[in-house]
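Asks: Sequence first, predicted coordinates after that:
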Amino acid sequence: MPINLSSFRYINRISEWLVTLSIIFLVATIITLVSASYTIIFEDSNVSLFTRIGGITDTISAGIGFIIAIISLGWFYRATKNVRTLGAKEVSSPIMAVVWWFIPVFQLWKPYKVAQQICRASNPLINLINGTEWKSAQNSNLVKLWWVSGLVYVFMISGGLVLIIFSDAYYSELERGDYALTASNVYQLSSNSLRIISIPFQVVSAIFYILMVNQIATSQRLKSVS
């Protein structure tokens, strides 16, 4: 199928950036997980060191995660525009592929649908004659695993933070009495426990995200020359 090269833009370069940053994010996140686990399991002189290390890697993860989020918006915009250039019809507009991420409630499933559309419409084995042939393709399990594991992480973090806030307030009240347990100790224990439970889902989601980005970039490159 002829392609208007003036409209089509390869996403290999931006995909490489996303993959590289995601790998750095994964390493920092795993170090945070190990540090949080150490501070709970052991009680020795190294705990404070691991706490500081975990704090540093946690900050690094947050910073890189923000950069990844910004670049990902550009990636979704370009990937969606590409499939439309390749002839796909009835797919999300590039603008809405970005906007859905910011609309409450809709952001829980609309970006997922956009990712599925991109993945299915980018399949080089599907010949887009009428433009809607991509609809007959099955949903990508890779996209499903990325989205589900990411949602589990978000819900666990959201619920966990609420519990930490309430427990922090509760022990702050106890601290005014004769109890030796301080709110700060409880907060640190709760925070580390939350990391240990939720971070594996974040790691899994990041891994599937890397695989998804690579797969779609490769598919669009192959489809553009077929």
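Replies: Nice, thanks for sending it over.
Asks: Just the pLDDT for residue 61.
Replies: On pLDDT, residue 61 comes in at 93.
Asks: Spatially nearest residue to it (excluding sequence neighbours)?
Replies: residue 28 (4.5 Å; C-beta to C-beta, 6 or more residues apart in numbering). Bear in mind the C-beta positions are built from the backbone N, C-alpha and C, glycine included.
Asks: which of the residues in the strand or helix carrying that neighbour are buried?
Replies: Here residue 28, judged by DSSP states H and E, is contained in helix 12-41. The neighbour-count check on helix 12-41 (16 or more other C-beta atoms under 10 Å) flags 14-15, 17-19, 21-22, 25-26, 28-39 as buried.
Asks: Retrieve the pLDDT associated with residue 109.
Replies: Residue 109 carries a pLDDT value of 95.
Asks: cool, and residue 184?
Replies: 52.
Asks: can you map out the helices along the chain?
Replies: Under the criterion DSSP state H, helices of the chain are mapped to 12-41, 47-85, 94-99, 110-121, 141-175, 183-225.
Asks: Pick the most buried one from the ones you listed.
Replies: helix 110-121 (a mean of 22; mean count of other C-beta atoms under 10 Å).
Asks: and that one with helix 47-85, angle?
Replies: Interaxial angle, helix 110-121 versus helix 47-85 (axes from the mean of the first three to the mean of the last three C-alpha atoms, to 10 degrees): 50 degrees.
Asks: which residues does the nearest residue to residue 74 once chain neighbours are set aside contact?
Replies: In this structure, residue 74 finds its nearest non-sequential neighbour in residue 14, 6.4 Å apart by C-beta to C-beta, 6+ apart. Residues near residue 14 by C-beta atoms under 8 Å, 6 or more residues apart in numbering: 71, 74, 75, 78.
Asks: can I get these in a markdown table with distance to residue 112 and pLDDT?
Replies: Converted to a markdown table, the contacts of residue 14 look like this (distance: C-beta to C-beta, whole Å; pLDDT from 0 to 100):
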| residue | distance to residue 112 | pLDDT |
| --- | --- | --- |
| 71 | 19 | 98 |
| 74 | 18 | 97 |
| 75 | 15 | 98 |
| 78 | 18 | 97 |
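Asks: for these, which one is nearest residue 98?
Replies: Checking those against residue 98 by C-beta to C-beta gives residue 74 as the nearest, at 8.3 Å.
Asks: Report the separation between the closest one and residue 67.
Replies: 11 Å (C-beta to C-beta, to the nearest Å).
Asks: before we move on, back to that, now the helix holding residue 28: average pLDDT?
Replies: Mean predicted confidence for helix 12-41 is 91.
Asks: so it versus helix 47-85, what angle?
Replies: Using the same axes, to 10 degrees: helix 12-41 against helix 47-85 is 150 degrees.
Asks: where does this structure have low pLDDT?
Replies: For the chain, residues meeting the criterion pLDDT under 70 lie at 1-6, 43-45, 160-192.
Asks: for residue 134, what are its contacts?
Replies: Residues in contact with residue 134 (C-beta under 8 Å, 6+ apart) are 83, 88, 91, 117, 120, 121, 123, 126, 128.
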